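Novice: Based on what follows, work out the 3D shape:
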Amino acid sequence: MYVATLLTNPNAPTLELSLVESLRNAWGGGEIVWLSPDEAAEFSLSEIPGNRWDVWADLQQMGVDLVVQQAEGRRKKMLLADMDSTMIQQECIDELADEAGVGDRVKDITARAMNGELDFEGALIERVGLLGGLGESVIDKVLNERITLMPGGKELVATMRKTDGYAALVSGGFTAFTARVAELLGFDENRANTLLAENGRLTGDVQRPILGRQAKIEALEQITQRLGISESDVIAVGDGANDLGMLGRAGTGVALHAKPSVAEQCDVRVNHGDLTALLYLQGYARTEFAGI
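Specialist: Model (predicted):
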């Protein structure tokens, strides 16, 4: 059996019963279950509809996300999440670059790297090199003044941990940021790159080995093995090209507000919902979310 989930922006919930009913009827689906009024609904299916992606494209124009997946095993035991533009709304290195006066140059490199146009490791080394001489104190300034959490993140992590799930934050960014974000959101562990500094200033280099696409896959392998669970027990979320490896290996890989070249390689795409979409996809109703 399969399940079709329809989602919309929780800040402007516009999911109409007539829309859900018409799709359910067209696809011969089962009873409609509302996970959150006007925001998220689902119904069962006996097979994946052949016109799924045509319908998906039409719904996108209406501000509605559609995901069709296997019903069995969709509630996961582990969350594996990217940080930049996923659990937070910014790219940390871009914010540091703004403080260093090289924002536009770095943002261009970041965008191309996340879109898969540039080698991640080389792009990171180049961008970090432009930060050389920046005072370490700027990191706290950026954290306090520029970084904002992605909506739904606290609910996502808290709900999964409440149901004995494990939460790991894995980033191609920097430990100075993942440590704070992991603490704020309640992650069990975090992994990222370490910016090197001497005498209170960034050297313009990063500790080796560099954590990139392969390291995220290794985190998936190592943590699941340590916990005694399978990769199919994991829901992973990310937005960039360096996330594709872990998204492809996890039981459910979610491209969240992802670059088009990344999203088209993923079957689960969330462009309108926030991070609570990952709970709806697992069959949680809003009434089941952990209180924050």
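Novice: tell me the residue furthest from the middle of the protein?
Specialist: Outermost residue of the chain with respect to the C-alpha centroid, by C-alpha atoms, centre = their mean, is Asn199; its distance is 35.2 Å.
Novice: Which pLDDT value does the model give it?
Specialist: Asn199 is assigned 97 on the pLDDT scale.
Novice: I'd like to know which elements the strand ranked longest in the chain is packed against.
Specialist: Determined from DSSP state E, the single longest strand within the chain is strand 166-174. With contacts defined as 3 or more C-beta pairs under 8 Å, 6 or more residues apart in numbering; DSSP states H and E, strand 166-174 has these neighbours: strand 78-81, helix 92-100, helix 153-162, helix 175-185, strand 189-193, helix 213-227. Glycine gets a C-beta too; all of them are placed from N, C-alpha and C.
Novice: Who are the packing partners of the longest one?
Specialist: Right, the one you point to is helix 213-227. strand 78-81, strand 166-174, strand 189-193, strand 234-238, helix 244-249.
Novice: what sits up against that helix?
Specialist: Here helix 213-227 makes contact (C-beta atoms under 8 Å, 6 or more residues apart in numbering) with 77-78, 80, 82, 120, 166, 168, 170, 172, 189, 191, 209, 230-231, 233-234, 236, 238, 241-246, 249-250.
Novice: hmm, which of the residues you listed are the buried ones?
Specialist: For the contacts of helix 213-227, a neighbour count by 16 or more other C-beta atoms under 10 Å gives the buried set as 77-78, 80, 82, 120, 166, 168, 170, 172, 191, 231, 233-234, 236, 238, 241-246, 249-250.
Novice: Low-confidence ranges, the protein, go.
Specialist: Counting by pLDDT under 70, the chain has low-confidence residues at 292.
Novice: care to break it down by domain?
Specialist: 1-72, 76-292 (automatic domain parsing).
Novice: Most tightly packed of those?
Specialist: domain 76-292 (a mean of 19; mean count of other C-beta atoms under 10 Å).
Novice: From the chain's centroid, how far away is it?
Specialist: How far domain 76-292 lies from its chain's middle: 7 Å, per C-alpha atoms, centre = their mean, to the nearest Å.
Novice: 37 is where my numbering starts, stick with that
Specialist: Sounds good: first residue 37 from here, last item domain 112-328.
Novice: What residues does Leu167 make contact with?
Specialist: Leu167 makes contact with Ile129, Leu132, Ala133, Ala136, Val138, Leu231, Leu238, Gly240, according to C-beta under 8 Å, 6+ apart.
Novice: With Asp144 as the reference, name the closest of the helices and strands packed on strand 202-210.
Specialist: With C-beta to C-beta as the measure, helix 128-136 is the member of the helices and strands packed on strand 202-210 nearest Asp144 (9.8 Å).
Novice: Tell me what angle that closest one forms with helix 211-221.
Specialist: 120 degrees (axes from the mean of the first three to the mean of the last three C-alpha atoms, to 10 degrees).
Novice: which stretch among the helices and strands packed on helix 249-263 comes nearest Ile68?
Specialist: Nearest of those to Ile68, taken as C-beta to C-beta: strand 270-274 at 23.4 Å.
Novice: Please identify the pairing partners of that closest one and their relative orientation?
Specialist: Sheet pairing of strand 270-274 (DSSP bridges) gives strand 114-117 (parallel), strand 288-292 (parallel).
Novice: Run through who's touching it.
Specialist: Under the contact criterion C-beta under 8 Å, 6+ apart, strand 270-274 has outside partners 112-118, 122, 252, 256, 260, 279-280, 282-283, 285-292, 294, 298, 311, 314, 317-318.
Novice: Just the CA atoms of that strand, as CSV, please.
Specialist: Written as CSV, here are the backbone C-alpha positions of strand 270-274 (Å, rounded to 0.1, in the frame of the first residue of the first chain):
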residue,chain,number,x,y,z
VAL,A,270,16.2,7.2,8.6
ILE,A,271,14.5,10.3,7.3
ALA,A,272,17.1,12.7,5.9
VAL,A,273,16.6,16.3,4.9
GLY,A,274,18.7,18.7,2.9
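Novice: First-to-last residue distance for stretch 173-191?
Specialist: Counting by C-alpha to C-alpha, to the nearest Å, you get 31 Å between the two ends of stretch 173-191.
Novice: what's in contact with that stretch?
Specialist: Outside of stretch 173-191, the residues within contact range by C-beta under 8 Å, 6+ apart are 46-47, 122-126, 128, 131-132, 134-136, 212-213, 216-217, 220-222, 231, 236, 309-315, 325-326, 328.
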